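**Q** Fold the following, please.
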Amino acid sequence: MSEVTRTVVVKSTPLPRKLFRVFVELEGMYRNVVEQLVLYAARSGVTSFTKLKALKYGELRSLYPQLPSHYAYTACQDASTRVKSFFKRRKKGLARRDFPVVDRVSMWLDDHLWRMKGLTSIEIATHRGWVVIELEPHKQYWKYLNSGWRQASEAKVKLDKKNNRLIIYLVFKKITEAYRPRGFISVDVNENHVAVLVNGVVYLFETGFRDMVLGYYYRRKRVQGKYDKLYGVNCRVKRRIFRKLKERKKKSDLKWKLANIVVRVAKERQYTIVLERLGKNPGKEMINHIKDDQLRHRIYQASFKGVQRAIEEKAREHGVPVIYVNPKNTSRMCPVHNTKIVYSNGCRIGRCSKGGEIWHRDIAACYNLLFKARLGNGSNAPSLSGLNLDGSPMPLGSTATHDPTVVTKTQWARWKPLDAINKHKPIKMSI
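**A** As a prediction, this is how the structure comes out:
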């Protein structure tokens, strides 16, 4: 059993000026409290929430008697989280300042500071008493509310000062239990596509991450060349332009849609998902011996780990088991004969050095991941059951041409199941 947590962002209806001013005052006091706690905790080296609360609770109550008492609790939680993060970054050499700085503030609420009132409104405790806030629910909110998720006691509130409204971060939780698997779905993540093996068919999902990364790389380069000379490296105009590019948002959207397809198909068939066991930062390990700046940036921004994280999160949500195998030589060895596949001129199509059959690099990787998962020991991948298979009557015989079913981004990005995608004919390979 495992507990899955999801955060849903819901906006309130536009508030009257007088009511919104109450939350502006509340945010100002909360910000002052968090700033004091962060400076004290950083100087004293205190990272424990309970210790920080024991040391500063009495002082905070005397300074802000008009605030509900539990704001002191949540502010201590907020401050201890910020200080822990700052110490970790400073240990890695990533901190730019000697002390943490509180730039953006979201007010943390516990079960004493907020409560639901019906399904489309909440009540929040302020220094002026309890205030009722009407929500603007959306499809995702109703989905979590009506599909077995329970609301957690914690929440966060952020102010949208442009539109005089609140942004509420609601937390939903669910306990899931993994089933006993009947088979495997192996997934091989690459720079520009993701290969998925289901019941002997390999689907090659084109993600377009490489073209996306290169496009934003050239855009950023043009913007930097134009504004760095005029306003300096840290100019506000350049940051505003970069925020409008939305590279991360577009890549994240594709990751979650792809994860949805893989996990739902695995759940329908009661299969286990097989992934490669990658390091914490595989992109950084790949660029160690690469000197070309563009290629380094392209590989570092490739979503190897990001796609896997999305699949892992969706699998936890639906109770789908996930296993990891050693990715060593999965695309270099023939799944049938356990011998080297010869690739020429950087082509993704190769020929087995023993049996002579033609292999697509990603198909060989998917089958080798499957065999490693079935053997369960993560060793070099021999053929299924440890036997050397050969001959055209066999499923992976030497006379076969192993072609993937290529699925373009326009075909799968609107969330189609694999059964609907299977009607497309596979694209033949040439060698």
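**Q** can you give me the helices for the stretch 51-200 of the chain?
**A** Counting by DSSP state H, counting those that start in this stretch, the stretch 51-200 of the chain has helices at residues 70-91, 139-145.
**Q** Buried residues, the shortest one. List them.
**A** Across helix 139-145, burial judged by 16 or more other Cβ atoms under 10 Å covers 141, 144-145. To be clear about C-beta, it is placed using only N, CA and C from the backbone, and glycine gets the same treatment.
**Q** Present those as a markdown table; the columns should include distance to residue 113.
**A** A markdown table is the format used below for the buried residues of helix 139-145 (distance: Cβ to Cβ, whole Å):
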| residue | distance to residue 113 |
| --- | --- |
| 141 | 20 |
| 144 | 21 |
| 145 | 21 |
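**Q** Which of the residues you listed sits closest to residue 347?
**A** Using Cβ to Cβ, residue 144 comes nearest to residue 347 of the buried residues of helix 139-145, at 46.4 Å.
**Q** give the contact list for the closest one.
**A** By Cβ atoms under 8 Å, 6 or more residues apart in numbering, the contact list for residue 144 reads 6, 8, 172.
**Q** So the second one versus residue 139, what's the distance?
**A** I take that to be residue 8. 11 Å (Cβ to Cβ, to the nearest Å).
**Q** repeat for the last one
**A** Distance, residue 172 to residue 139, by Cβ to Cβ: 14 Å.
**Q** Could you list the buried residues of stretch 122-138?
**A** Buried, per 16+ other Cβ under 10 Å, within stretch 122-138: 122, 124-126, 131, 133, 135.
**Q** next one: stretch 282-301
**A** Buried, per 16+ other Cβ under 10 Å, within stretch 282-301: 282-283, 286-287, 296-299, 301.
**Q** mind giving me the domain split of this structure?
**A** Structural domains assigned to the chain are 2-176, 183-209+248-421, following automatic domain parsing.
**Q** Mean pLDDT lowest where, among those domains?
**A** Of all these, the minimum mean pLDDT falls on domain 183-209+248-421 (a mean of 80).
**Q** From residue 406, how far off is residue 202?
**A** On the measure of Cβ to Cβ, residue 202 and residue 406 end up 10 Å apart.
**Q** same deal with residue 174?
**A** Distance, residue 174 to residue 406, by Cβ to Cβ: 36 Å.
**Q** can you check residue 19 too?
**A** If you go by Cβ to Cβ, the gap between residue 19 and residue 406 works out to 55 Å.
**Q** contacting residues around residue 369?
**A** 186-188, 197, 274-276, 325, 327, 330, 381.
**Q** sorry, back to before: taking the buried residues of stretch 282-301 together, which two end up most distant?
**A** Among the buried residues of stretch 282-301, 282 and 297 lie farthest apart (Cβ to Cβ), at 15.2 Å.
**Q** Can you show me the helices along the stretch 301-431 of the chain?
**A** 304-318, 361-375, 409-412, 418-421.
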